[in-house]
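Asker: Okay, structure incoming, though there's no sequence with it:
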Ligand SMILES: CC/C=C\C=C\CC(=O)SCCNC(=O)CCNC(=O)[C@H](O)C(C)(C)COP(=O)(O)OP(=O)(O)OC[C@H]1O[C@@H](n2cnc3c(N)ncnc32)[C@H](O)[C@@H]1OP(=O)(O)O
């Protein structure tokens, strides 16, 4: 499939459009099992900011290139050689070293959070090895589906650190059993697709990567046919509800919809059922 013309400059991501209004982003470093270099998370932020603002894109599918892995997480070889971690930041005293490291972690978090901040729904399709950063990243997606061969792990404890790019913040808000969350985060043990489905981390499991991608595409096509004002509003309001009280969210919703309900989409969609017509919506 041909790359989308305005997305050809990314070195580590292949962006195609399998169907109109849907962008498929593939993490594209399969020879290294899609392990993340710093340049990759910096590109990730730029890419998702571009997708967020692109009126030709209504839904994003995120997957990993190759047969073996969505991603094996941080490129541990590169990270262990990088100046920040190699000599613990290289600054002259603890405060300066710590400040450099904090800025580095802040920026890394920002880059991965760009997936969550993308105004368009993001469907993450996982397969194979999906560890470490794979969990941080997929927690930022709106919908997670996977192939039955997926092996997940919140691997950070096994590389000597507490996860710091978002898993510990987001996973407890996705999966309701705090005991299970602590189990997988503290032990760093593997878990499979069936367990991920049982606890609600993923919402679908398919026989193969190809079948999971096909299901992701079907889901994306359905979403892309709906009002982008309604879809993007729903994403925004659900994310807001996760981090706020019911009263705060009701207030935010009424303010949000006082603008959104003035879109032509509302009239068009509301009457389409009665008229038995397929509604079409303007770009947003
Ligand atoms: C500030 C910190 C912020 C963020 C922290 C994020 C945390 C994480 O992401 S924690 C998880 C980190 N990842 C790992 O610890 C995995 C390390 N890799 C492995 O243990 C193994 O590669 C494997 C995933 C178990 C797969 O093993 P195997 O099936 O034997 O394949 P390999 O031959 O090892 O891999 C093929 C090829 O890819 C390279 N590679 C794979 N994963 C990584 C990785 N994460 N980092 C660097 N390189 C990786 C591997 O070296 C091989 O390369 P060759 O050039 O072919 O040798």
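Answerer: The structure has been received and is ready for your questions. Computed from a predicted model, the values in this text were never measured in an experiment.
Asker: Quick check: residues of the stretch 101-250 of the chain near the ligand?
Answerer: The stretch 101-250 of the chain comes close to the ligand at residues 105, 108, 129, 131-133, 155-156, 159, 164-165, as judged by Cβ under 6 Å from any ligand atom. Glycine gets a C-beta too; all of them are placed from N, C-alpha and C.
Asker: ok, residue 151 - contacts?
Answerer: 128-131, 190-192 (Cβ atoms under 8 Å, 6 or more residues apart in numbering).
Asker: Now do it, the pLDDT please.
Answerer: pLDDT recorded at residue 151 is 98.
Asker: Now compare the residues of the stretch 101-250 of the chain next to the ligand and name the two farthest from each other.
Answerer: 105 and 129 (23.8 Å; Cβ to Cβ).
Asker: Of those two, which one has the most company?
Answerer: Using other Cβ atoms under 10 Å as the criterion, residue 105 and residue 129 rank with residue 129 on top: 24 against 13.
Asker: you'd agree the more buried one is in a helix?
Answerer: No: read with DSSP: H, G, I helix; E, B strand; the rest coil, residue 129 is strand and lies in no helix.
Asker: tell me, how many neighbours does the residue nearest to it when sequence neighbours are not counted end up with?
Answerer: In this structure, residue 129 finds its nearest non-sequential neighbour in residue 69, 3.9 Å apart by Cβ to Cβ, 6 or more residues apart in numbering. Residue 69 sits with 25 neighbouring residues when counted by other Cβ under 10 Å.
Asker: repeat for residue 160
Answerer: 6.
Asker: Can you give me the pLDDT of it?
Answerer: 97.
Asker: Next up, phi/psi of it, please.
Answerer: phi 80, psi 30 (degrees, to the nearest 10).
Asker: again with residue 18
Answerer: Residue torsions, per degrees, to the nearest 10, at residue 18 are phi -70, psi -20.
Asker: so who does the residue nearest to residue 129 touch?
Answerer: 30, 33-34, 127-130.
Asker: Between these, which sits nearest the ligand?
Answerer: Comparing the contacts of residue 69 against the ligand with Cβ to the nearest ligand atom places residue 33 closest, at 3.9 Å.
Asker: Neighbours of the closest one, how many?
Answerer: 20.
Asker: Could you list which residues are in contact with the closest residue to the ligand within the stretch 101-250 of the chain?
Answerer: As assessed by Cβ to the nearest ligand atom, the ligand sits closest to residue 132 within the stretch 101-250 of the chain, at 2.2 Å. Residue 132 is in contact with 71-74, 153-156, 159, 163, counting by Cβ under 8 Å, 6+ apart.
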